[in-house]
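Trainee: predicted model and sequence below, questions to follow.
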Amino acid sequence: MDYDTIVIGGGHAGIEASLAVSRLGFSTLLITQNPDRIGTLSCNPAIGGLSKGNLVREVDALGGEMGKLTDATMIQYRVLNRSRGPAVQAPRAQADKHAYPAAARSVLEKQKNLTIFMDTVTDLIIEGTSADGTVKDASISKITGVITKRGHRISARTVILAAGTFMEGKIFIGEYDAQNGRLGEEAALGLGASLRRLGFPVGRLKTGTPARLAGNTIDYSVMEKQDSEEMRPFSFFADNIAASGGGASNCGIIDRPAMPCWVTYTNTKTHEIIRANISRSPLYGGKIIGTGARYCPSIEDKVMRFSHRERHHVFIEPEGLSTNEMYMNGASSSLPEDVQSDFIHSIKGLEQTHIVRPGYAVEYDYIDPLDLYPSLESKRLSGFFTAGQTNGSSGYEEAAAQGIIAGINAAMKMQGKPPFILGRAEAYIGVLIDDLTTLGTKEPYRMFTSRAEHRLMLRHDTADTRLTPRGREAGLVDDARWEHFLEKTKKLDEIKELLAQRKSSSTEANALEDKSLEGTSLASKTLADYPAEFVERALLDKKYAGYIEKEIRFAAKAAKMDAIKLNPNTDYSVINGLSAEAKEKLQSVKPLNVGQAARIPGVRQGDIALLIILARK
């Protein structure tokens with residue numbers, strides 16, 4: 001074999017996948033169309049947000065890189081939903097659009113066992129196919145390598161596909177369209193057609209991005225200013241390291257230049273311009289066939305679907321310290337450029353703005369994630385893993401989360417070990433992957449706190465406690481980080497003991513100001529001796545202990561169902577007693593356990609009872 005693993009694509013899924021498998025000791029080749037575009041923030045240069053911030057911190061706790069890269073390049077930081085409960089709060093940062101990919105490429109280039117190669121993968125090399133030339137069963141078909149556009153045949157034991165929006169990608173700006181994965185960057189052509197020929201369930205999805213504006217042509221005086229909060233690290237290890245690129249962390253604070261964001265609004269004139277030209281939209285004119293994300297609609301979608309609204313937020317956000325460009329968050333569009341110009345110039349503060357790049361839609365191929373096991377390995381092709389937008393998800397954070405799991409599981413596969421799978425009560429990553437592989441998706445999947453039934457247990461500040469031991473188990477958490485984690489855990493336990501020994505309950509403010517606890521086993525220490533974020537974490541754990549105990553009991557019941565294993569090769573079509581719908585759904589998903597089977601829409605309680613009996617037999 002030329003390599004142990006080949007990773008296709010240098011986006012956020014490809015970065016985490018290639019780092020994970022190479023850090024676990026396997027020779028890895030990252031194939032990308034352009035190494036200069038590794039880690040590109042294609043849309044908004046923001047990392048984190050509601051539930052997404054939790055994903056970033058979970059990737060970090062497992063030993064991934066996204067949190068560190070964000071700490072090294074952030075230019076604004078906010079904690080969202082501060083007015084609400086901690087279960088739905090999450091950090092969000094604007095990253096420097098040029099510094100982030102540079103930092104990502106630097107990490108990849110320095111990584112032992114990892115090689116970067118510029119080319120485009122157009123086909124897979126497979127050992128064993130069905131009589132019709134397709135792949136239908138992983139017990140028969142095995143991947144052994146890839147074929148590239150320039151004719152290279154490169155062998156590998158495992159392959160991870162993370163092509164983002166580039167696989168058969170096509171962009172649309174009004175009447176204009178081109179075979180691009182991003183504006184100005186050619187699509188990865190050939191592989192999508194090859195996957196269809198091999199029998200993979202390939203569909204089309206659509207996403208979009210707004211225009212970019214010249215910052216020095218914007219009138220900020222009529223907009224609402226949003227300054228950065230004190231910048232805090234995403235990485236749990238940040239207080240022990242200096243973030244590259246001048247972002248050293250000092251006592252939990254990131255020392256980097258901060259930039260403000262700005263808020264303006266569309267108006268009735270904006271909406272009139274869009275409605276008058278809606279027939280020229282490729283989305284409404286029928287040129288785009290891929291399904292878009294309902295939770296991130298284009299501005300034309302907002303205007304048409306919410307006609308009663310007189311205005312919509314538009315956030316003007318910086319792209320970086322070294323560029324004048326600003327991002328129009330909330331105004332993605334694929335309308336013709338003249339229409340975009342008209343409606344943008346109708347917005348307050350943007351009357352004289354210069355449009356540097358137009359907004360556009362991009363349509364691309366994805367593989368139905370029902371075709372995957374929760375390990376993200378293909379059910380039909382052994383050794384073939386997929387991650388990110390290739391699986392129908394949307395967002396940098398969802399991609400990175402899948403990338404690290406795919407990388408870990410490629411390594412587990414080569415070691416002959418059981419797959420590394422996170423449960424829904426363990427992590428948002430577990431929710432994300434379980435949703436994709438159990439429910440599938442017909443539109444770009446986006447993570448929300450509401451998707452997690454145990455979200456109080458999945459707070460962003462507890463990700464290290466939940467997942468650092470799992471990362472250590474997988475082999476991605478090194479000795480230095482493990483010692484750091486154990487020391488933090490010790491301090492949290494001490495704080496909890498101090499809180500437990502308090503004679504009377506107190507508010508968080510009183511607890512932070514407490515100076516002594518005479519007569520206790522920790523009399524020589526006070527809460528003021530510990531980092532404020534540690535104390536805050538312990539206080540939240542104490543405050544919500546009763547609720548968390550209830551969630552733990554509920555999760556334990558669900559875990560019992562997950563512990564009842566099912567044979568993934570079961571032929572459900574011949575099992576008497578199952579409903580017709582259950583047979584169809586179970587045959588499609590091929591669940592690994594009864595818990596997963598119970599989460600499949602259309603599978604009834606009676607079907608589950610029968611599966612339990614069959615499993616026990």
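Mentor: Sure thing, it's come through. Residues are numbered from 1 along each chain as shown.

Trainee: so which strand or helix has Met326?
Mentor: Secondary structure assignment for Met326, by DSSP states H and E: strand 325-329.

Trainee: swap in Ile408?
Mentor: helix 396-415.

Trainee: which other residues reach the helix or strand just after that helix?
Mentor: Downstream of helix 396-415, the next assigned helix or strand under DSSP H and E is helix 428-439. Residues from elsewhere that reach helix 428-439 (C-beta atoms under 8 Å, 6 or more residues apart in numbering): 51, 54-55, 58-59, 369-370, 372-374, 376, 391-393, 398, 401-402, 405, 421-424, 441, 445, 447, 451-452, 458, 589, 591, 596, 599-601. Just so you know, the C-beta spots here come from the backbone N, C-alpha and C atoms, and that holds for glycine as well.

Trainee: just confirm Leu30 is within a helix.
Mentor: No: assigned with DSSP: H, G, I helix; E, B strand; the rest coil, Leu30 falls outside any helix and is strand.

Trainee: that one and Lys488, how far apart?
Mentor: 33 Å (C-beta to C-beta, to the nearest Å).

Trainee: who's more crowded, those two?
Mentor: Between Leu30 and Lys488, counted using other C-beta atoms under 10 Å, the more crowded position is Leu30 (29 against 20).

Trainee: I'd assumed Gly14 was in contact with the more buried one.
Mentor: Yes: if you go by C-beta atoms under 8 Å, Leu30 and Gly14 touch, sitting 6.3 Å apart.

Trainee: overlap of the contact sets of the two?
Mentor: Shared contacts of Leu30 and Gly14, defined by C-beta under 8 Å, 6+ apart, comprise Val7.

Trainee: and the residue nearest the centre of the chain, what's its pLDDT?
Mentor: Centroid-nearest residue in the chain: Glu398, 1.4 Å away (criterion: C-alpha atoms, centre = their mean). Glu398 carries a pLDDT score of 98 in this model.

Trainee: report the contact partners of it.
Mentor: Lys52, Leu55, Gly388, Leu432, Tyr445, Arg446, Met447.

Trainee: which SSE is Leu486 in?
Mentor: Using DSSP H and E, Leu486 falls in helix 479-500.

Trainee: that helix packs against which elements?
Mentor: If you count contacts as 3 or more C-beta pairs under 8 Å, 6 or more residues apart in numbering; DSSP states H and E, helix 479-500 packs onto helix 463-474, helix 532-543.

Trainee: save the ones you listed as CSV, and put in mean neighbour count too.
Mentor: Shown next, in CSV, are the helices and strands packed on helix 479-500 (neighbours: other C-beta atoms under 10 Å):
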stretch, mean neighbour count
helix 463-474, 21
helix 532-543, 18
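
Trainee: which two in the contacts of Glu398 are spaced the farthest apart?
Mentor: Across the contacts of Glu398, the longest distance by C-beta to C-beta is 13.8 Å; it joins Lys52 and Gly388.

Trainee: of these two, who's got more company?
Mentor: Per other C-beta under 10 Å, whichever of Lys52 and Gly388 has more neighbours is Gly388, with 32 against 27.

Trainee: what sits against the more buried one?
Mentor: Taking C-beta under 8 Å, 6+ apart as the test, what Gly388 contacts is Gly9, Gly11, His12, Ala13, Gly14, Ala162, Ala163, Gly164, Glu398, Ala399, Gln402, Gly403.

Trainee: ok, and the closest non-adjacent residue to the first one?
Mentor: The reference is to Gly9. Ala162 (4.0 Å; C-beta to C-beta, 6 or more residues apart in numbering).

Trainee: quick one: the residue lying closest to Arg472 once chain neighbours are set aside from Ile143, how far?
Mentor: Leaving out its chain neighbours, the residue that sits closest to Arg472 by C-beta to C-beta, 6+ apart is Trp482, at 5.6 Å. Per C-beta to C-beta, Trp482 is found 34 Å from Ile143.

Trainee: and those two? which has more neighbours close in?
Mentor: Ranked by neighbour count (other C-beta under 10 Å), Trp482 and Ile143 place Ile143 first, with 24 against 14.

Trainee: in the sheet, who's paired with that one?
Mentor: Counting by DSSP bridges, Ile143 is bridged to Ile126.

Trainee: pLDDT value on it, please?
Mentor: pLDDT, Ile143: 98.

Trainee: before we move on, what about Ala238?
Mentor: pLDDT, read off for Ala238, is 72.

Trainee: same question, Gln605
Mentor: Predicted confidence (pLDDT) for Gln605: 93.

Trainee: run a quick neighbour tally on it.
Mentor: Neighbours of Gln605 (other C-beta under 10 Å): 8.

Trainee: and it, how far from Ala598?
Mentor: Taking C-beta to C-beta, one finds Gln605 at 8 Å from Ala598.

Trainee: what sits against His454?
Mentor: His454 neighbours (C-beta under 8 Å, 6+ apart): Arg424, Ala425, Glu551, Phe554, Ala555.

Trainee: and it, that one's in a helix?
Mentor: No: under three-state DSSP, His454 falls outside any helix and is assigned coil.

Trainee: the nearest residue to it once chain neighbours are set aside: neighbouring residues, count only.
Mentor: Nearest non-adjacent residue to His454, counting by C-beta to C-beta, 6+ apart: Ala425, 4.6 Å away. By other C-beta under 10 Å, 21 other residues sit near Ala425.

Trainee: thought Ala425 was touching Lys557?
Mentor: No: the pair Ala425 / Lys557 is not scored as a contact, 10.3 Å apart, by C-beta under 8 Å.

Trainee: so Asp365 sits right up against Gly190, yeah?
Mentor: No: counting by C-beta under 8 Å, Asp365 does not reach Gly190; the two are 10.9 Å apart.

Trainee: neighbour-wise, which of these two wins?
Mentor: Using other C-beta under 10 Å, the more surrounded residue of Asp365 and Gly190 is Asp365, with 26 against 17.

Trainee: and the gap between that one and Ala276?
Mentor: 34 Å.

Trainee: coming back round to it: partners of the strand holding Met326 in the sheet?
Mentor: Short version: by DSSP bridges, strand 325-329 pairs with strand 212-214 (antiparallel), strand 313-318 (antiparallel).

Trainee: whatever helix or strand comes next after it: which residues count as buried?
Mentor: For strand 325-329, the following helix or strand on the C-terminal side (DSSP H and E) is helix 337-345. For helix 337-345, a neighbour-count test (16 or more other C-beta atoms under 10 Å) marks Glu337, Val339, Gln340, Ser341, Asp342, Phe343, Ile344 as buried.

Trainee: the fifth one reaches Ile274, doesn't it?
Mentor: No: using C-beta under 8 Å, Asp342 makes no contact with Ile274, being 9.0 Å away.

Trainee: show the pLDDT at Ser249.
Mentor: On the pLDDT scale, Ser249 gets 40.

Trainee: now what about stretch 404-419, what contacts it?
Mentor: With C-beta under 8 Å, 6+ apart, stretch 404-419 has contacts from 4-5, 7, 13, 16-21, 24-26, 59, 62-64, 157-158, 160, 162, 373-377, 383, 385-387, 420, 422, 429, 433, 474-476.

Trainee: narrow these to those that are buried.
Mentor: Buried among these by 16+ other C-beta under 10 Å: 4-5, 7, 13, 16-21, 24, 26, 59, 62-64, 157-158, 160, 162, 373-377, 383, 385-387, 420, 422, 429, 433, 474-476.

Trainee: in helices, which of those residues appear?
Mentor: Mapping the buried ones among the contacts of stretch 404-419 onto helices (DSSP state H) picks out Ala13, Glu16, Ala17, Ser18, Leu19, Ala20, Val21, Val59, Leu62, Ile429, Ile433, Ala474.

Trainee: done for today, thanks.
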